[in-house]
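Undergrad: coordinates only, no sequence provided:
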């Protein structure tokens, strides 16, 4: 049985509630481990978000306001393998760029649209589905020239 993104992140949050934080919007809840987060419709929520370690302060991290300021982005086929063996891929927009973990992009699945927004002196990758509905975010990884080896992913 294949799990949806929403089910996968909730299962992880049930296993490790101390590693997750939440914010509730009108009809959705943002569930995040601090590296990435997914927006889940409240009627699909299987986790008691009150058991998660903390709350995301919506006034400091307003994901819906960020998408309004974001630039459309493309994920390049160029990839790097970091010193800790993490694969990272590059996203580029007109004036911004970001490196994110490849496995997290894959976690959100195919047929997604990407946007880069500014958040607290960093860029953040915002992800929407085919209908342009916001589904989540991924924070960047630091790619230092010393650590990278270029590879190409099909």
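TA: Done, it's in. Worth saying up front: this structure is predicted, and the values here are computed from it rather than measured. Numbering: from 1, shown residues only.
Undergrad: so which residues of this protein form helices?
TA: 5-15, 63-69, 102-107 (DSSP state H).
Undergrad: averaged pLDDT, the first one. What do you get?
TA: Over the span of helix 5-15, the pLDDT mean works out to 87.
Undergrad: could you find the closest non-adjacent residue to residue 130?
TA: Nearest-residue entry for residue 130: residue 111, 5.3 Å, with adjacent residues in sequence omitted and distances by CB to CB, 6 or more residues apart in numbering. In short, each C-beta sits where N, CA and C put it, glycine included.
Undergrad: and for that neighbour, the neighbour number?
TA: Look at residue 111: counted by other CB atoms under 10 Å, it has 7 neighbours.
Undergrad: quick check, pLDDT for it.
TA: So residue 111 comes in at 88 (pLDDT).
Undergrad: what packs against the longest strand along the chain?
TA: If you go by DSSP state E, the chain has its longest strand at strand 71-81. On a contact count with 3 or more CB pairs under 8 Å, 6 or more residues apart in numbering; DSSP states H and E, strand 71-81 meets strand 87-92, strand 113-119, strand 150-152.
Undergrad: just to revisit the earlier point, can you lay out the helices of the chain as TSV showing mean neighbour count?
TA: Shown next, in TSV, are the helices of the chain (neighbours: other CB atoms under 10 Å):
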stretch	mean neighbour count
helix 5-15	17
helix 63-69	15
helix 102-107	16
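Undergrad: now the ones you listed in CSV, with distance to residue 115?
TA: As requested, those are exported to CSV (distance: least, CB to CB, whole Å):
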stretch, distance to residue 115
helix 5-15, 17
helix 63-69, 6
helix 102-107, 13
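Undergrad: and of these, who's closest to residue 118?
TA: helix 63-69 (7.0 Å; CB to CB).
Undergrad: tell me which other helices or strands the closest one touches.
TA: strand 113-119, strand 122-128, strand 134-138.
Undergrad: pLDDT averaged over that helix - what is it?
TA: Per-residue scores along helix 63-69 average to 90.
Undergrad: least confident secondary structure element in the chain?
TA: strand 150-152 (a mean of 46; mean pLDDT, DSSP states H and E).
Undergrad: what sits closest to residue 136 if chain neighbours are left out?
TA: residue 38 (4.1 Å).
Undergrad: what is the burial count for the one you found?
TA: 24.
Undergrad: which one, of the helices and strands packed on strand 71-81, ends up nearest to residue 77?
TA: Nearest of the helices and strands packed on strand 71-81 (CB to CB): strand 150-152, 5.9 Å.
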